[in-house]
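Participant: 3D model of this:
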Amino acid sequence: MKKLGMIGGTGPESTVDYYQTIIKMFQERTGSQESLPELLIYSINMYKIFDLLQSGQEEELTEYLAAAVLSLERAGADFAVISANTPHIVFDRVQQKVNIPMISIVEATYRKAKNLRLQKIGLLGTQFTMENDFLKGPFTANGQEVFVPDEDEQQFIHGKIVGELEKGIVKEETKKAFLAISGRMIEQHQIEGLILGCTEFPMIFKPEDLDIPQLNTVEIHVDEIIKMILED
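Facilitator: Predicted coordinates for the structure are as follows:
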């Protein structure tokens, strides 16, 4: 089995979700409740990531993330992941600076949407994720359409992610507002699926909340992680 190295703390709530989901899925795949994977977690500061992106310092962000992956590499990790969507803005640059392979949450999500034959897809996430093309790119390059909320809604969603979800706060009025935005996107753009492009979103969105598929990027990413761990 391969040893996972995970960049966590991006934010802490989703890091816990990743860990629990990895254990659960690993035991389901191996068929043993007494079977556990070996993994390393390097917890970094998500607020530093936001500050670097806000000030346009993508090269500094690349170096920050690459240093964390290299630490995991030195500690014995066979491969690495970043347990968040937003830092994937510089994923390709980080991969070039390290020696172990990395699994992209973006590519994994694209493959899932392709398997579901989705052509019109909604995307929610931090403002960085919704504004930039790093997550949309694989979809639009292959003829799929990706829709995001309008600018005011993007700012609202981003504020709730940073001010509430990243701190483990879940409010019913926030959930209602997110579902209302999703409903408008379904009606306006006829989206066939919704990318939960923030790894804290499973705290709010539940599968029964919408009548279209939700692409839970945590579960999608973890599925790829387990395949790699179990690979000979």
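Participant: and R117, how far is that from E192?
Facilitator: R117 sits 8 Å away from E192, going by C-beta to C-beta, to the nearest Å. The C-beta positions use only the backbone N, C-alpha and C, and glycine is treated the same way.
Participant: settle it for me: which of those two has more neighbours?
Facilitator: E192 (18 against 9; other C-beta atoms under 10 Å).
Participant: how much space between the residue of the chain most remote from its centre and Q27?
Facilitator: Within the chain, the residue lying farthest from the chain centre (C-alpha atoms, centre = their mean) is E34, at 28.0 Å. For E34, the distance to Q27 equals 8 Å [C-beta to C-beta].
Participant: which SS class is the residue farthest from the centre of the chain?
Facilitator: In three-state terms, and counting by DSSP: H, G, I helix; E, B strand; the rest coil, E34 is coil.
Participant: quick one, phi psi at it?
Facilitator: The phi and psi values for E34, taken as degrees, to the nearest 10, are phi -100, psi 10.
Participant: read off the pLDDT value for it.
Facilitator: On pLDDT, E34 comes in at 92.
Participant: with F139 instead?
Facilitator: F139 is assigned 96 on the pLDDT scale.
Participant: now the element after the helix or strand hosting it, going C-ward?
Facilitator: According to DSSP states H and E, F139 maps onto helix 137-140. Counting by DSSP H and E, the next helix or strand C-terminal to helix 137-140 is strand 145-147.
Participant: which residues touch that following strand?
Facilitator: Residues external to strand 145-147 that are found in contact with it (C-beta atoms under 8 Å, 6 or more residues apart in numbering): 119-123, 135-136, 139-140, 185, 189, 191, 195.
Participant: in PyMOL, select just the buried ones from those residues.
Facilitator: To isolate the buried members of the contacts of strand 145-147 in PyMOL, using 16 or more other C-beta atoms under 10 Å:
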select buried, resi 120+121+122+123+135+136+139+185+191+195
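Participant: contacts only, for Q27.
Facilitator: Shown in contact with Q27 (C-beta under 8 Å, 6+ apart): Q33, S35, L36.
Participant: got it, and K120?
Facilitator: By C-beta under 8 Å, 6+ apart, the residues touching K120 are Q144, E145, F147, H189, Q190, I191, E192.
Participant: and for V222?
Facilitator: By C-beta under 8 Å, 6+ apart, the neighbours of V222 are Y18, T21, I22, M25.
Participant: need the CA coordinates for the one helix or strand the first one maps to. CSV is fine.
Facilitator: In other words, Y18. According to DSSP H and E, Y18 maps onto helix 12-30. Extracted in CSV, the C-alpha atoms of helix 12-30 (Å, rounded to 0.1, in the frame of the first residue of the first chain):
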residue,chain,number,x,y,z
PRO,A,12,-9.6,22.5,9.7
GLU,A,13,-13.2,21.4,9.4
SER,A,14,-12.8,19.8,6.0
THR,A,15,-9.5,18.3,7.1
VAL,A,16,-11.4,16.3,9.7
ASP,A,17,-14.0,15.4,7.1
TYR,A,18,-11.2,14.2,4.7
TYR,A,19,-9.6,12.0,7.5
GLN,A,20,-12.9,10.4,8.5
THR,A,21,-14.0,9.8,4.9
ILE,A,22,-10.6,8.3,4.1
ILE,A,23,-10.9,5.8,7.0
LYS,A,24,-14.5,5.0,6.2
MET,A,25,-13.9,4.4,2.5
PHE,A,26,-10.7,2.5,3.0
GLN,A,27,-12.4,0.1,5.4
GLU,A,28,-15.3,-0.3,3.0
ARG,A,29,-12.9,-1.1,0.1
THR,A,30,-10.8,-3.6,2.2
